[in-house]
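Student: Fold the stuff below for me.
(3 chains)
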Amino acid sequence: MTNIRRLGSILWALVTLLIAPLMIIFPELGYAIILCVLAFSLTFKGLGTIIYYFRMARHMVGGKSILYQGVILFDLGMVTLSLSDVPKFYVLVYLAVLHGFSGVVDILRANESKKLGGKHWRLKLTQGIINVLAAALCIFFINSYEAAVIIYTAGLVINAFIRIGNALRKRTTIYIQ
Amino acid sequence: MNGITVANIRRAKGNLKISGLAYMAFGIWEVLKVAIEIGTGIIDPFGFAGLDQYDVKVIFLTALITLFFLSAIILTLHFYVGFSSMRFSKDPTTSRHFLNVSLLLTLYYCIELPFMLYGSFTLDQSVDDTTIASILFELTSIFILIDIIRSGRILKKSVDKEPGET
Amino acid sequence: MQEDFHYYATYCAAYLAGYTHEESMDICYSAQFVDLCTKTLLSKLGAPQDAATTQLQLELADARTDILGLQDITRIWASFHFLPYDLYAQLPRHGRGYMNRYRLICKPNGPLLERTVNIARGTSLQHAGIAMHVLADTWAHTYFAGTPSLVINNTTDDFSEILTAEDGSSCTKRIKFRHNPGATDDLEQNLYTNTVYQSSEKSIMNLGHGRAGHLPDYSFIRYEYLPAWNNYESIVKDNPSDYMKAFAQMIYAMKFLRGGIDGFKPGTYADDTVSPYRERINGILTKRQINACEDWKKFGEELSGQTIEDFDLNKYQEEYIKADKNGKSDTFIGKFIEGALAQKNMVTAEIVKSGNALAGIVKFKQLDILKEAGLD
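Tutor: Have a look, this model is predicted:
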């Protein structure tokens, strides 16, 4: 991870730590911020990926996968944006599912890292399990809305600390020279 | 080899694999998207708004069953085309029926798209960000299917014998 | 390429080109030093950091990947390790962004190689060593570019080693890759380390031949793979043959640098000089081993009858540190720095002249070096 990436990761974690209590104290504002940030980052990432495909990656072997990724990201961003005027209940379910999915991806990546002899798969696995558990508990307690919000924000906070820890640890990376 | 180069065959195999995987992913996302949009009330195809509690329960059940079957059909088609495509890329001697299904699906999308545009621009009067995203999604689905059909035909041609060849 | 070729093989080539043992040591030391002269080292020596000829892992980890950072990376890697072949290559229906990267693909015997050798003539042994490093790497690092680029430097996972049986028939064996930083390549199991696939165009993981692991640096291996840029055409890389050509071309280039030949022509090799030793060299190149230092060293010592010192990074550092400001350019490292700056500025200027912004700009004060050499 480059230093800039580390800094970005830490900043993002700090922003999350700021927003998490806002979801409890000023729920409208907190939800709006999370949704907007998520929606815009997904949309622009999707658009950027699509533009990259047409500019360059279409000439690359296997480049079509980049186009398909871009379209899905863009669509995901648009759907996220359209959730801004739906009841908070549904937003929470949506966010919980997204985190759960992200947790599953983390678990799969940790498994792959372990198979390939990577040293830091445990941290990734922990992060993945926390995401999945938080998502599952959120959905389970969805009828008790306040409890679900607390579980979700607790998940956000734990993730933020893991992200900071991840950014600060030493990494072994291969650069073939 | 029927005038098809090794590079073309490699390209066709690569495209079938990637497009097959993409088509399955698109199917999953399509179903999820509809579920999210109906679940959160962004769209209300079953007219839940303005109904009393008893009516809602009956219609909700009907809606759920309808959605389930529709999702099953969509996913089955996507996965059939996707898996067959990936399998064909590894072994071009396997069944090619999926190419015909892909052609039918392409025609379906091509017919559906103008109706979707007509609905958004005239009936709904609501051309918003999700409409644009949906159009892009449909166009990409058409692109994927055309890619599968084209690559499938190239691969099919590469294994078919030329006249007189034993 | 690795120390076995850049240090020991370069020594052998220099000796065969007619240099003395001491001169050959200076040349081969400089050739190997190109792989170790980092900004960190130069900073420690109080030397100009612009003269860096490589970036080690920690520096790459800290490298910026914005436009300025990428230009800095490209300047170093394209100038010393992935010399571009054709800065004016044309491909129909390909955008500017793609072509800028495509034109940085490294191949041997390009116009820039001729300039690299020419600007080293009449200068120092250190500059000759730098030129030999660049020349050798054009053979090993063929088909990769010295800029982070997914669309050029990516490959598929389909790598196959081409093996020749005793009866002369050939067969292929699949090469397996893993991403384990700590593990050494297992030649018996055909298990090698490479960089992880990164879908970001400008990721450092997409610099150079990372996706092919160390395969380009092993002289014994012949392999086939599918690069991202070649329209699904596979590439067969015959390292023993390429390394032999690199060796023969180094001898030819150094004969030119010594003044024994008028005019350096790419595509020319000192085959007559190599011929008595071809079998011996072939034996070293085709021996299945990760590191051929011992074999090349033995060959070099047989040639000259002298002992070849092992490479010592600290050898000339004190000389440079202790020299006064005016005397630094007369030190070993001082001469190396001059050669490195000339090479870097020549390549950067050529890239910029071709309309490609990936290497950034040439600094004005360093343009003077080029003007003096009549190279602007």
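
Student: Scan the helices and strands of chain B for the one with the lowest mean pLDDT.
Tutor: helix B:53-90 (a mean of 84; mean pLDDT, DSSP states H and E).

Student: That one near chain C at all?
Tutor: No - in terms of C-beta under 8 Å from any C-beta of the partner chain, no part of helix B:53-90 sits within range of chain C; the closest distance is 12.9 Å. From N, CA and C alone the C-beta is placed, and that goes for glycine too.

Student: quick one, what contacts C:G327?
Tutor: C:G334 (C-beta atoms under 8 Å, 6 or more residues apart in numbering or on different chains).

Student: still on that earlier bit, just after the least confident helix or strand of chain B, pick out the following helix or strand.
Tutor: helix B:97-118 (DSSP states H and E).

Student: Between helix B:53-90 and that following helix, find me the angle.
Tutor: With axes from the mean of the first three to the mean of the last three C-alpha atoms, to 10 degrees applied, the angle from helix B:97-118 to helix B:53-90 works out at 140 degrees.

Student: Helix B:97-118 - contacts with which helices or strands?
Tutor: Helices and strands touching helix B:97-118, by 3 or more C-beta pairs under 8 Å, 6 or more residues apart in numbering or on different chains; DSSP states H and E, are helix B:53-90, helix B:129-159.

Student: buried set for the helix or strand C:R101 falls within?
Tutor: According to DSSP H and E, C:R101 maps onto helix C:96-102. By neighbour count with 16 or more other C-beta atoms under 10 Å in any protein chain shown, helix C:96-102 contains the buried residues C:98-102.

Student: For it, name the packing helices and strands.
Tutor: Applying 3+ C-beta pairs under 8 Å, 6+ apart, one finds that helix C:96-102 contacts helix C:150-153.

Student: quick one: the helix it packs on near chain B?
Tutor: No - interface with chain B: helix C:150-153 contributes nothing (C-beta under 8 Å from any C-beta), its closest point being 15.1 Å away.

Student: Run through who's touching that helix.
Tutor: With contacts defined as C-beta under 8 Å, 6+ apart, helix C:150-153 is touched by A:56-57, A:59-60, A:63, C:98, C:101-102, C:104-105, C:144-145, C:198-201, C:203, C:206-211, C:227-229.

Student: Mind checking which of the residues you listed are buried?
Tutor: By neighbour count, with 16+ other C-beta under 10 Å, those hold A:56-57, A:59-60, A:63, C:98, C:101-102, C:104-105, C:144-145, C:198, C:201, C:203, C:206-211, C:227-229 as buried.

Student: could the helices and strands packed on helix B:97-118 go into TSV alongside distance to chain A and mean neighbour count?
Tutor: Output for the helices and strands packed on helix B:97-118, formatted as TSV (distance: least, C-beta to the nearest C-beta, whole Å; neighbours: other C-beta atoms under 10 Å in any protein chain shown):
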stretch	distance to chain A	mean neighbour count
helix B:53-90	12	15
helix B:129-159	4	19
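
Student: before we move on, the earlier item: right, and the helix or strand after the helix holding C:R101?
Tutor: Once the chain leaves helix C:96-102, the next helix or strand it forms, by DSSP H and E, is helix C:111-120.

Student: and that next one, what does it pack onto?
Tutor: Under the contact criterion of 3+ C-beta pairs under 8 Å, 6+ apart, helix C:111-120 touches helix C:125-140, helix C:239-258, helix C:332-353.

Student: same for the shortest one, what does it pack against?
Tutor: Applying 3+ C-beta pairs under 8 Å, 6+ apart, one finds that helix C:125-140 makes contact with helix C:10-17, helix C:21-33, helix C:67-80, helix C:111-120, helix C:239-258, helix C:332-353.

Student: Then the longest one?
Tutor: Here helix C:332-353 is seen to pack against helix C:21-33, helix C:67-80, helix C:111-120, helix C:125-140, helix C:317-322, helix C:364-372 when contacts are counted using 3+ C-beta pairs under 8 Å, 6+ apart.

Student: redo that, cut-off 7 Å
Tutor: Using 3 or more C-beta pairs under 7 Å, 6 or more residues apart in numbering or on different chains; DSSP states H and E, the elements in contact with helix C:332-353 are helix C:67-80, helix C:111-120, helix C:125-140, helix C:317-322, helix C:364-372.

Student: Any buried residues in it, and which?
Tutor: For helix C:332-353, the neighbour count (16+ other C-beta under 10 Å) marks C:332-352 as buried.

Student: got a pLDDT number for the nearest residue to C:F159 once chain neighbours are set aside?
Tutor: Of all residues not flanking C:F159 in the chain, C:I175 sits nearest, at 3.9 Å (C-beta to C-beta, 6 or more residues apart in numbering or on different chains). Note for C:I175: predicted pLDDT of 92.

Student: list the contacts for C:I175?
Tutor: By C-beta atoms under 7 Å, 6 or more residues apart in numbering or on different chains, the contact list for C:I175 reads C:159-161, C:190, C:192, C:223.
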